[in-house]
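Visitor: Mind folding the following:
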Amino acid sequence: MKYFSGLDYLRIDIANCFGLDKETWDHRLAWFHMNVDSLEDIIPKADEPYLMAKAVMAYRSSMNGNETGHNMFLDSTASGIQLMACLSGCRETALRTNLIHTGKREDVYTYVADKMNALLEPSEAVVRGDIKLPVMTNYYCKLTQDTLSEAQQKAFYTVLEEGFTGAEEVKNLLQSCWDNNALEHSWVMPDGHKVVCKVKEMVNARIEVDELDHTTFTYRFESNQPSKISSPLCANVIHSVDSYVVREMVRKAKLRGFELAHIHDSFCFSPKYGNIVRELYRSILAEIADSSLLADICSQITGSKVVIEKSTNDLSKYIRESEYALS
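Guide: Sure thing, here's the model as predicted:
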C-alpha cells in the first residue's frame, strides 16, 4: 500500500471531488499539481463543487500554516460485492473490486459495461451509467432488470456469471437458506450484534364500513407472515456484514485515537489519518476472508451445520497488499 502525508490526502480529496476518484493515486496527485494555481477557477466543473470548494479552502489555509479541521471521504469500491468476494474466497470477484491490486484502480461498473458491449450489437451498447443500478440490485436478488433490453439482460447475466463467480455463489447459497415457514430469520455477528429480519408480505384486506351505507374499500398493509419470496435474505445478510465492518472501523479508529464517521460505506476522517483508515479497512476485510463467517451465518439461519469450501484460502494475503479497496 502506498502511504501519503496528510497534505497529500487533502490533495487527493480535491481531485476526488473534481471527479477523479476512479483514477490512480499518482494520476490524482499529478492532476492536482498541474491545476494547483487555478483550483478555484475549475470548481464549477467539479462533480461535487461544494465539497471541492471546501477542500480547496482547507488546502489554502493549510499552506498558510493553519489547522482547518477539514474532513474528507474515501469510499469502498462496490462494498457488497467486495464482501461477497471475502465470504467466498473468490479471487476473480476480489480483483474486480480492488481487493487484489492490478496496477490500476478497477471499476466494477465499467468492467461490466465493457464486457457486455463485447457481446452486444452496437445498437444495444450500454454505458457505465446504465449498469450501476442493475449490478447493485442483482445482488439484492432482483429477478429481472427492466431497464435493460432482452439482449442486454442476456449479456448482463453472462458477464456476471463469468466474472463474479464468488458473488453469484454467495447469492445462490443465501437464497437457499430461506425458510418458507419462518416468521423471521436471525443470526448473530462476531461482535455480538443480533440481526433479526422479520418476514413480511403485502396483504390486501377488504373493508366494509357499515356507517357509510356498507361502502367497501381495499386496505393494503404489511403483514409479518411466512413467505416463499426468498430475495430479501441475501441483501439482509450482506448488509449485516457491511454494518459489522462499519462498527469495527469506528471501534478500531477510537482505539487508534481518532474519530471516524461514515455514510454507509463512505468513511469520513481527517486527512492526517488516511493511511490508518485504509489499513484498518484492509485488515477487517482480510479477517473476514480468513473466517468462516458465511458458514456460521448460514448455520444459524437454517438451524443446521453448514460447511462451505471457499474457492481459495489465501485471499487475505492479497487484500492486505491491495491499494484501492477504499478510494
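
Visitor: Which parts of stretch 140-148 count as buried, going by neighbours?
Guide: Neighbour-count burial for stretch 140-148, counted by 16 or more other Cβ atoms under 10 Å, picks out Cys141, Gln145, Leu148. From N, CA and C alone the C-beta is placed, and that goes for glycine too.

Visitor: err, stretch 196-208, not the other one
Guide: Applying 16+ other Cβ under 10 Å to stretch 196-208 flags Cys197, Val199, Lys200 as buried.

Visitor: roughly how far out does the helix or strand harbouring the first one sit from the chain middle?
Guide: If you go by DSSP states H and E, Cys197 is part of strand 194-198. Here strand 194-198 is found 21 Å from its chain centre; the criterion is Cα atoms, centre = their mean, to the nearest Å.

Visitor: Check which helices and strands the following helix or strand past it sits against.
Guide: Following strand 194-198 in sequence order, the next helix or strand is strand 200-209 (DSSP H and E). In terms of contacts (3 or more Cβ pairs under 8 Å, 6 or more residues apart in numbering; DSSP states H and E), strand 200-209 is packed against strand 215-224.

Visitor: Tabulate the CA atom coordinates of the strand it packs on in PDB.
Guide: Extracted in PDB, the C-alpha atoms of strand 215-224 (Å, rounded to 0.1, in the frame of the first residue of the first chain):
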ATOM      1  CA  THR A 215     -69.200   1.200   1.300                       C
ATOM      2  CA  THR A 216     -66.200  -1.100   0.800                       C
ATOM      3  CA  PHE A 217     -62.500  -0.300   0.000                       C
ATOM      4  CA  THR A 218     -59.300  -2.300  -0.200                       C
ATOM      5  CA  TYR A 219     -56.700  -1.700   2.600                       C
ATOM      6  CA  ARG A 220     -53.200  -2.800   1.700                       C
ATOM      7  CA  PHE A 221     -50.800  -3.400   4.600                       C
ATOM      8  CA  GLU A 222     -47.600  -5.100   5.500                       C
ATOM      9  CA  SER A 223     -48.000  -8.400   7.500                       C
ATOM     10  CA  ASN A 224     -45.500 -10.400   9.400                       C
END
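
Visitor: Next, the residues that contact whichever helix or strand comes after that strand from outside, please.
Guide: Later in the chain than strand 215-224, the nearest helix or strand by DSSP H and E is helix 232-255. Contact with helix 232-255 is made by 79-80, 83-84, 87, 139-141, 170-171, 174-175, 177-178, 185, 187, 189-191, 193, 195, 197, 259-260, 262, 264-265, 267, 269, 273, 276-277, 280-281, 284-285, 288, 293, 297, 301, as judged by Cβ atoms under 8 Å, 6 or more residues apart in numbering.

Visitor: Now, of these, which are buried?
Guide: So, by 16+ other Cβ under 10 Å, the buried ones in those are 79-80, 83-84, 87, 139, 141, 170-171, 174, 177-178, 185, 187, 189, 195, 197, 260, 262, 265, 267, 269, 273, 276-277, 280-281, 284-285, 288, 293, 297, 301.

Visitor: and those residues, which of them are in helices?
Guide: Members of the buried ones among the contacts of helix 232-255 lying in helices (criterion: DSSP state H): 79-80, 83-84, 87, 170-171, 174, 276-277, 280-281, 284-285, 288, 293, 297, 301.

Visitor: what's the nearest residue to the residue nearest the centre of the chain if we skip its chain neighbours?
Guide: Note on the chain: the residue nearest the mean C-alpha position is Ser79, at 2.3 Å, using Cα atoms, centre = their mean. Among residues not flanking Ser79 along the chain, Asp265 sits closest, at 3.9 Å (Cβ to Cβ, 6 or more residues apart in numbering).

Visitor: That neighbour is in contact with Ala78, isn't it?
Guide: No. Counting by Cβ atoms under 8 Å, Ala78 is not a contact partner of Asp265; they are 9.0 Å apart.

Visitor: any idea of the angle the strand holding Cys197 forms with strand 215-224?
Guide: 150 degrees (axes from the mean of the first three to the mean of the last three Cα atoms, to 10 degrees).

Visitor: Appreciated, that's everything.
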